[in-house]
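**Q** no sequence on this one, just coordinates:
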């Protein structure tokens, strides 16, 4: 995918030799190794930069097993310097770590070079374009799944304050993103809320999850819970429940609801908005 200044090339690992034979592989570049997985864990990600893509990717093909495809960022006019690449690598690792959509495989945070103001502005513009291109290619590496917090999500249980001043209009061509509708799921001891979007179902931080589970719970749900406990995303509250410490994206609504209840259920039915409508009522 290409703009006037930036190009992002997606290369499946099986075709890496073909890419390495292209003239583009001789450029300075920023790259993202992605490990696809059929499990419910986050995709694996390694972020790097180099002045010689041919050699660096050849090395990664020999010594890193996890990745199945690489996304390579290049300048369309071959003007990206090592300083550009170092600056963006450092920024990319920092944001990807904060967002936590992917399981980052980097052992360090990169090295931020001295960057004069004009060059920094150039880097920021390139990075903004990179962000858009990666998302368009299905890799929202820098997009936070917790961007909608309970205070900014439209909650249909209470009307918005009519006295609240309207936000200034930035430009007529800019349309605000629609805010998601909250859905709720309650059991006798656990209660959770979240929202549905194009990426899946996000259960929001502060939700409570039952500790105990029934034999009907799926193996995948147990794997998710073990992973969340291992990474400190689920924290013990008492003998009955855990608390979700950060918003978490599930591939399906049922993955989220089964984790909350500790048993098999249909997320399309049990998640309901404040008006009592199910996810199925709204989105199907």
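**A** Perfect, I can see it now. This is a predicted model, so every value here is computed, not measured.

**Q** Not counting sequence-adjacent ones, nearest residue to residue 237?
**A** Distance criterion Cβ to Cβ, 6 or more residues apart in numbering; nearest residue to residue 237, sequence neighbours excluded, is residue 243 at 5.0 Å. Heads up, the C-betas are built off the backbone N, CA and C, glycines and all.

**Q** How about residue 92?
**A** residue 47 (4.9 Å).

**Q** helix or strand right after the helix or strand containing that neighbour?
**A** Assigned by DSSP states H and E, residue 47 falls within strand 44-50. Toward the C-terminal end, the helix or strand that comes next after strand 44-50 (DSSP H and E) is helix 53-63.

**Q** Go through that following helix and flag the buried ones.
**A** By neighbour count on 16 or more other Cβ atoms under 10 Å, the buried set for helix 53-63 is 53-54, 56-57, 60-61.

**Q** count of neighbours near the residue nearest to residue 92?
**A** 24 (other Cβ atoms under 10 Å).

**Q** residues touching it, list them.
**A** Contacts for residue 47 (Cβ atoms under 8 Å, 6 or more residues apart in numbering) come out as 30-33, 89, 92-93, 96, 104, 106, 110.

**Q** again, 6 Å this time
**A** Counting by Cβ atoms under 6 Å, 6 or more residues apart in numbering, residue 47 touches 32, 92-93, 106.

**Q** quick one, longest helix in the chain?
**A** Longest helix in the chain, counting residues (DSSP state H): helix 117-136.

**Q** right, and the helix or strand after that helix?
**A** strand 183-186.

**Q** Can you tell me the SS state at the most centrally placed residue in the chain?
**A** With distances taken as Cα atoms, centre = their mean, residue 101 lies nearest the centre of the chain, 3.1 Å away. Residue 101 falls in the coil class when you classify it by DSSP: H, G, I helix; E, B strand; the rest coil.

**Q** hang on, the earlier thing: where neighbours are concerned, which of the contacts of residue 47 has the most?
**A** residue 92 (26 neighbours).

**Q** what helix or strand is that one on?
**A** For residue 92, the element it lies in under DSSP H and E is helix 82-99.

**Q** about what we covered before: so which one among the contacts of residue 47 has the lowest pLDDT?
**A** Looking at pLDDT alone, the contacts of residue 47 dip lowest at residue 106, where the score is 91.

**Q** still on that earlier bit, show me which positions of the helix holding residue 92 end up buried.
**A** Buried-residue list, helix 82-99, by 16+ other Cβ under 10 Å: 83-93, 95-96, 99.

**Q** Flag the shaky bits of this structure, pLDDT-wise.
**A** Low-confidence segments of the chain (pLDDT under 70): 1-4, 36-41, 145-178, 198, 284.

**Q** Please, where are all the helices along the stretch 151-284 of the chain?
**A** 219-230, 253-261, 267-270, 279-283 (DSSP state H, counting those that start in this stretch).

**Q** Out of these, which is the most enclosed?
**A** Across the helices of the stretch 151-284 of the chain, averaging neighbours per residue (mean count of other Cβ atoms under 10 Å) puts helix 253-261 on top, at a mean of 26.

**Q** Can you check what angle separates it from helix 219-230?
**A** 60 degrees (axes from the mean of the first three to the mean of the last three Cα atoms, to 10 degrees).

**Q** by contact count, what packs against helix 253-261?
**A** Helix 253-261 sits against strand 200-203, helix 219-230, helix 267-270, with contacts defined as 3 or more Cβ pairs under 6 Å, 6 or more residues apart in numbering; DSSP states H and E.

**Q** Could I get these in a markdown table, plus columns for distance to residue 248?
**A** What follows is the helices and strands packed on helix 253-261, written out as a markdown table (distance: least, Cβ to Cβ, whole Å):
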| stretch | distance to residue 248 |
| --- | --- |
| strand 200-203 | 6 |
| helix 219-230 | 7 |
| helix 267-270 | 14 |
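
**Q** one step back: mind checking how far the residue nearest to residue 92 is from residue 132?
**A** 17 Å (Cβ to Cβ, to the nearest Å).

**Q** Repeat that for residue 104.
**A** 21 Å.
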